[in-house]
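*Asks:* Provided below are the primary sequence and the corresponding predicted coordinates.
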Amino acid sequence: MTEAGWAERDIDPNEADVTAVLEACGGDARIAIRALLVEQLIQEERIERLAAALSFGYVRGRIGVTAGQFTAKP
């Protein structure tokens, strides 16, 4: 890697996180991507459960309700 490449890598605040994920997955990028996608799905489901738990009276006028789901109004 060139010196400029190393300098850019040192500036990126996410580089340590990327390295940690890859190391946790034994250096296998496909397993790391799969793990991140599973984590994303878990977080999306959690957000949906939290949104569903909000009181309609509390969110009225702030977000719209369609088919039991909450969606942000523009």
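*Replies:* Yep, it's here.
*Asks:* ranges for the helices of the protein?
*Replies:* 3-11, 15-24, 29-53, 56-59 (DSSP state H).
*Asks:* now render those helices as CSV, adding mean pLDDT.
*Replies:* CSV is the format used below for these (pLDDT from 0 to 100):
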stretch, mean pLDDT
helix 3-11, 61
helix 15-24, 93
helix 29-53, 92
helix 56-59, 64
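*Asks:* as a markdown table, the ones you listed with mean neighbour count would be great.
*Replies:* Bear in mind the C-beta positions are built from the backbone N, C-alpha and C, glycine included. Output for these, formatted as a markdown table (neighbours: other CB atoms under 10 Å):
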| stretch | mean neighbour count |
| --- | --- |
| helix 3-11 | 9 |
| helix 15-24 | 12 |
| helix 29-53 | 11 |
| helix 56-59 | 9 |
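*Asks:* gap between the residue lying closest to residue 36 once chain neighbours are set aside and residue 13?
*Replies:* Nearest residue to residue 36 in three dimensions, chain neighbours excluded: residue 21, at 6.9 Å (CB to CB, 6 or more residues apart in numbering). Applying CB to CB, to the nearest Å, the value for residue 21 to residue 13 is 14 Å.
*Asks:* over to residue 24?
*Replies:* Going from residue 24 to residue 13 by CB to CB gives 19 Å.
*Asks:* how about residue 29?
*Replies:* 20 Å.
*Asks:* and if you look at residue 53?
*Replies:* Residue 53 sits at a distance of 33 Å from residue 13 (criterion: CB to CB).
*Asks:* before I go, just wanted to say thanks for your time.
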